[in-house]
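Enquirer: I would like the atomic coordinates for the input below:
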Amino acid sequence: MTSPIPLVVAHSMPGRTRLRLAGSGTDIIALAVAATRLRKAKGVRSVEPRPVTGSLVVLHEGEFAAVAGCMPGLGLALSASAEARRPAAPRIGRIEPGTAGAIGLAALALVQMRRGNLLPPALTLAWYAGSVLGYLPKGPPVDAADH
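Expert: The predicted structure follows:
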């Protein structure tokens with residue numbers, strides 16, 4: 001007999017649970033097999049595989065505990081939840097100055113656009129915002145009328 005497919009609960013609420021394949025990477029075949037097996041569990045209404053994230057979105061009746069009880073008989077193993085193993089995200093106390101400046105410049109560009117001043121004030125401010133974030137070259141855009 002093949003070994004059970006290990007899954008972890010990424011998120012659960014009454015009627016909806018997201019399961020992820022345990023371990024790193026996404027095994028599309030294991031994900032499809034797990035989805036097929038999980039559809040046979042009592043109380044499961046639908047299972048939608050998400051290959052990009054290596055997860056399954058399970059719509060079920062009531063709490064997930066009833067579905068989890070059926071999993072070993074279907075060749076699926078439920079490991080500890082992902083939240084329990086995931087380190088706490090660092091709290092961000094302050095926003096970086098460059099990001100704050102770019103947000104401010106972008107807001108000013110929107111104000112100028114709202115006033116109907118698309119060229120040059122809004123475009124120049126938007127260019128500066130992109131420059132601060134590193135997406136665009138430094139300096140204002142070149143206006144063809146200036147040459």
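Enquirer: Least confident secondary structure element in this structure?
Expert: Counting by mean pLDDT, DSSP states H and E, the weakest-scoring helix or strand in the chain turns out to be helix 82-85, with a mean of 49.
Enquirer: residues contacting the nearest residue in space to Thr99 that is not next to it in sequence?
Expert: On the basis of CB to CB, 6 or more residues apart in numbering, the spatially nearest residue to Thr99 that is not a chain neighbour turns out to be Leu133, at 7.3 Å. (Each C-beta comes from the backbone N, C-alpha and C, glycine too.) Leu133 sits next to 98-99, 102 when contact means CB atoms under 8 Å, 6 or more residues apart in numbering.
Enquirer: And those residues, which is closest to Pro49?
Expert: Thr99 (35.9 Å; CB to CB).
Enquirer: Just give the number of residues close to that closest one.
Expert: By the criterion of other CB atoms under 10 Å, Thr99 has 11 neighbours.
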